[in-house]
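S.K.: A structural model of the following input is requested.
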Amino acid sequence: MAKQQPHHLEQTKQFLRNFLRINDAGEFLVFLFFLFVAFIFWYLMTMNHEYEMTYNVRLELKNVPENVLITEPLPEEMKVVLKDRGDKLVEYKARGKMKSLALDYRHYSHAMGRTAIYGLELEKLLEDKLSSSTQIVSTSLDTLEYYAADARGVKLLVRLRGTVTADRQHVVERIRLYPDSVTVYATPRMTDTMTAVYTPYVKYTELADSVAQVLQLENGVWGVRYEPSEVQLRVGVSPYVMKSVQVPVEGYMFPYGQQLKTFPSKVKVSFRISLDDFRGVTEKDFRILVRHSQIRDNVSGKVALSLDAMPDNVTDIVIEPVEVDYLIEMNTMPF
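M.R.: The predicted model follows:
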């Protein structure tokens, strides 16, 4: 059984058969003429009615001086719904009247900072592009605003906010931000009160390896721009190593003519230090003192030792022995 053709396909075939039977060129031209007249009649009837049409209007700011930087620009575009006869709405499309809306910086900005263009003023700008018969039904934005700053900018240091520590087997050798300063663009009133730019809060604890991370600079104030807007945090971590030095025991604040002697005269000081600083720390960086007040009423013949000076980059310091024997020598001067 043959498959039945769809109804609309049969109609199309019948139209083509009828069209191909028109052998006379005059009949064909008459056909085209009436077809054109029908189209014009339909178009005029249609375009004479009122319609609503939506336009995507691109926003731009022109005539911005060289000494001004727009840190917060206008929105890229807004939607505008217009109502008028169909032919007028089509004309706006064809001529591109509603493709863009340019705002002149000189007309709105009298000082640096925020500039806002509100509803009625915005409608006036749109109406200047439209025929008197066209109505503005709605706009997607009721306010246009932008922010202007001094194009010279101010250079400020970047400060790290947060905590960075290593585990007990490692030490944080260095913490660096690259770059260590950025240019801030804002009004002079704002930059005059700023002393630094701060990173987001970071927390690294128990580090056993170096860290590199990109941080977006915090900017909680509308209209302020940082260039660059991000910095790289680099944390150098190295392992601890043990080191020992022999440090002499010194007497301090002894009366004239008295001299302290200890047994042993030097003690062993052990400590943890980073591998990078290993060679840089010597016994000269430590000082062990025995004060006269410590032995004034001491009858045991031994004195406990403690450090009076040490470098900042060492940890876990151990003194061996923790106490020493001593005696006081009296110096006699010949007459």
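S.K.: ends of stretch 272-280, how far apart?
M.R.: Stretch 272-280 stretches 13 Å from its first residue to its last (C-alpha to C-alpha, to the nearest Å).
S.K.: and that stretch, which residues are buried?
M.R.: 272, 273, 274, 277 (16 or more other C-beta atoms under 10 Å). Any C-beta I mention is one placed from the backbone N, CA and C, and that applies to glycine too.
S.K.: what is the nearest of these to residue 226?
M.R.: If you rank these by distance to residue 226 using C-beta to C-beta, residue 274 comes first, at 33.5 Å.
S.K.: hang on, isn't the closest one packed against residue 236?
M.R.: No: contact criterion C-beta atoms under 8 Å: residue 274 and residue 236 do not qualify, at 9.4 Å.
S.K.: please identify every residue contacting each of the two.
M.R.: Common contacts of residue 274 and residue 236 (C-beta atoms under 8 Å, 6 or more residues apart in numbering): residue 173.
S.K.: ok, back up a step: can you list the buried residues of stretch 272-280 in CSV and add distance to residue 164, pLDDT and secondary structure?
M.R.: Putting these into CSV (distance: C-beta to C-beta, whole Å; pLDDT from 0 to 100; DSSP: H, G, I helix; E, B strand; the rest coil) gives the following:
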residue, distance to residue 164, pLDDT, secondary structure
272, 18, 89, strand
273, 19, 89, strand
274, 15, 86, strand
277, 18, 87, coil
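S.K.: and those residues as JSON lines, adding distance to residue 323?
M.R.: Output for these, formatted as JSON lines (distance: C-beta to C-beta, whole Å):
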{"residue": "272", "distance to residue 323": "23"}
{"residue": "273", "distance to residue 323": "25"}
{"residue": "274", "distance to residue 323": "30"}
{"residue": "277", "distance to residue 323": "29"}
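S.K.: report pLDDT for residue 215.
M.R.: Predicted confidence (pLDDT) at residue 215: the value is 95.
S.K.: per-domain residue ranges of this protein.
M.R.: With domains defined by automatic domain parsing, the chain comprises 50-150, 154-239, 241-330.
S.K.: can you give me the buried ones in stretch 105-116?
M.R.: Judged by neighbour count using 16+ other C-beta under 10 Å, the buried positions of stretch 105-116 are 105, 109, 112, 115.
S.K.: end to end, how far does it reach?
M.R.: End-to-end distance for stretch 105-116, by C-alpha to C-alpha: 11 Å.
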